[in-house]
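Student: Take this sequence and fold it.
(4 chains)
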2 protein chains.
Amino acid sequence: MPRIPTAERRNALIQAALRVVAQRGVAAATTRAIVAEAGMSLASFHYAFASHDELMAELIREIVAQEESSVVLPHPSEGATVREVLRASIQSYLVSIQADPQREKAMFELTHYALRTPAGEHLARMQYEHYYALASTALAAGAEATNVVWDRPVEEVARILIALTDGLTLAWLVNRDDAAAASLIDFAADAVAGLARPA
Amino acid sequence: MPRIPTAERRNALIQAALRVVAQRGVAAATTRAIVAEAGMSLASFHYAFASHDELMAELIREIVAQEESSVVLPHPSEGATVREVLRASIQSYLVSIQADPQREKAMFELTHYALRTPAGEHLARMQYEHYYALASTALAAGAEATNVVWDRPVEEVARILIALTDGLTLAWLVNRDDAAAASLIDFAADAVAGLARPA
DNA sequence: GTCTATAATGAGATAGAC
DNA sequence: GTCTATCTCATTATAGAC
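Tutor: Below is the predicted model:
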């Protein structure tokens, strides 16, 4: 292998780790499996990272950052109600999960992995703070576009929305029942829309 | 160790495995850790179970069965509304989680563990079918006690309730924010009560 | 800096004495 | 049936040649 800047090598290893976790789960994400996926030697790993634990911590930070780009900002057609915008947004979120269910499994597994390590509780909390922030932004934009206001702080609505999508995601990952998911989405859109008042 | 009937030994190992998973996570639930917790020798394990995998499958079946006893049947006071009954039930569910958060972490971890093994997808589905059945029973009783009917099949309401409690549980496990949990519970009780009509 | 080779440890499973 | 002792393999991490 040619010389690669350490930062680049670290990044390549993190991306490889994410692929391994998504495809085969956290338990399978051993140092060896990760370097094999990255096409590197075992020693190169320990040149870039002090330990397997250090990589896992970086991995969680990385996926939190990646999530940013996958935000589904509502794109309301003229005259759409807040309920319709919510429904379309949650729907398109589910579509993204259906397109890559393994990745979403990986997100849950990494959250629970983090919750089992002392330093990780903080990482899991950061992960969710990030989710809440993304949801808050989308909810604020959605409210503005449909001329409504939330009847409580938008952060509180965001927590509700994330709880609903977590429950929806887990149910779909377990049951793979598209009809049940559609019914859940309708419920969620109705229930959250019920927290909005005309501006 | 004295002679122990195989069935009893299997059960002791499963209970020990559940304690290990709850206290230290699925990753730490090695055969050796389990026999140490059970106070048995390694060989005794393989006398009772063909493999570590077989025990894990049994463990998931076992926790599903145990969940039965922890159902919170609504105990409505005279004249309580369906919303109040729902709120009290979800509240007492959260209290049970707060009393033993490790156990609830273990439930999630085992679900995701199952979702990563070929035979396990079926187990995870059974686990959730069981949750849905328990919720359906509670919801039917709650509706009867408060003189309402659900405006859709009770199984569908059950799926909604489970999704909400999953989202609530995960949020609390990550953030340990009791105030946010209370707000989520109020929302969930309102939203689900909105699916009921006077009988 | 990057590699091969090799500790050192811990895993699941089994053989064989009792 | 139950145990101790052991096998075989995979793991993280490191030493040392280049």
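Student: in the longest helix belonging to chain A, what counts as buried?
Tutor: Criterion DSSP state H: the longest helix present in chain A is helix A:120-145. Buried residues in helix A:120-145, counting neighbours by 16 or more other CB atoms under 10 Å in any protein chain shown, are found at A:120-121, A:123-125, A:127-128, A:130-132, A:134-136, A:138-139, A:141-143, A:145. Glycine gets a C-beta too; all of them are placed from N, C-alpha and C.
Student: is chain B contacted by whichever helix or strand comes after that helix?
Tutor: Once the chain leaves helix A:120-145, the next helix or strand it forms, by DSSP states H and E, is strand A:148-150. No: using CB under 8 Å from any CB of the partner chain, strand A:148-150 stays clear of chain B, coming no nearer than 12.3 Å.
Student: Can you list the low-confidence ranges for chain A?
Tutor: Within chain A, the ranges that satisfy pLDDT under 70 run A:1-2, A:68-74, A:76.
Student: switch the cut-off to 90
Tutor: Residues of chain A meeting the criterion pLDDT under 90: A:1-4, A:63-79, A:118-120.
Student: Which positions in it make contact with chain B?
Tutor: Close to chain B, as judged by CB under 8 Å from any CB, chain A has residues A:24-27, A:105, A:108-109, A:111-113, A:115-116, A:124-125, A:127-128, A:156, A:159-160, A:162-168, A:170-171, A:173-175, A:180, A:183-184, A:187, A:190-191, A:194-195.
Student: tell me the domain boundaries of chain A?
Tutor: Annotated domains of chain A cover A:6-62, A:71-198 [automatic domain parsing].
Student: mind checking the SS state of the residue most central in space within chain A?
Tutor: Centroid-nearest residue in chain A: A:Glu67, 5.3 Å away (criterion: CA atoms, centre = their mean). Counting by DSSP: H, G, I helix; E, B strand; the rest coil, the backbone at A:Glu67 sits in helix.
Student: next one: A:Arg197
Tutor: Secondary structure state of A:Arg197, per three-state DSSP, is strand.
Student: Next, count neighbours for the closest residue to it other than its chain neighbours.
Tutor: Distance criterion CB to CB, 6 or more residues apart in numbering or on different chains; nearest residue to A:Arg197, sequence neighbours excluded, is A:Asp151 at 5.3 Å. As a burial measure, A:Asp151 scores 11 neighbours (other CB atoms under 10 Å in any protein chain shown).
Student: A:Asp151: what's it in contact with?
Tutor: By CB atoms under 8 Å, 6 or more residues apart in numbering or on different chains, the contact set of A:Asp151 is A:Leu195, A:Ala196, A:Arg197.
Student: Which of those residues sits closest to chain B?
Tutor: A:Leu195 (7.8 Å; CB to the nearest CB).
Student: how many neighbours does the closest one have?
Tutor: Residues near A:Leu195, counting by other CB under 10 Å: 22.
Student: What of A:Thr30?
Tutor: Neighbourhood size, A:Thr30 [other CB under 10 Å]: 13.
Student: Identify the residue nearest it in space, chain neighbours excluded?
Tutor: In space, A:Thr30 is closest to A:His52, 7.6 Å off (CB to CB, 6+ apart).
Student: from memory that neighbour sits against A:Thr31, does it?
Tutor: Yes: look at A:His52 against A:Thr31 with CB atoms under 8 Å: they come within range, at 5.0 Å.
Student: contacting residues around the residue nearest to the centre of chain A?
Tutor: So A:Glu67 contacts A:His130, A:Tyr131, A:Leu134 (CB under 8 Å, 6+ apart).
Student: One more: A:His112?
Tutor: Neighbours of A:His112 in contact, by CB under 8 Å, 6+ apart: B:Gly25, B:Lys105, B:Phe108, B:Glu109, B:His112.
Student: Doesn't the third one belong to a helix?
Tutor: Yes: the secondary structure assignment for B:Phe108 places it in a helix, going by three-state DSSP.
Student: That one - how many residues pack around it?
Tutor: By other CB under 10 Å, 20 other residues sit near B:Phe108.
Student: Show me which residues of chain A are close to DNA strand C?
Tutor: Within reach of DNA strand C by CB under 7 Å from any atom of the strand, chain A has these residues: A:Met1, A:Pro2, A:Arg3, A:Ile4, A:Thr6, A:Arg9, A:Met40, A:Ser41, A:Leu42, A:Ala43, A:Ser44, A:Tyr47.
Student: Put together TSV for these, with secondary structure and neighbour count on each row.
Tutor: Shown next, in TSV, are those (DSSP: H, G, I helix; E, B strand; the rest coil; neighbours: other CB atoms under 10 Å in any protein chain shown):
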residue	secondary structure	neighbour count
A:Met1	coil	8
A:Pro2	coil	3
A:Arg3	coil	6
A:Ile4	coil	15
A:Thr6	helix	11
A:Arg9	helix	19
A:Met40	coil	19
A:Ser41	coil	12
A:Leu42	helix	11
A:Ala43	helix	8
A:Ser44	helix	17
A:Tyr47	helix	13
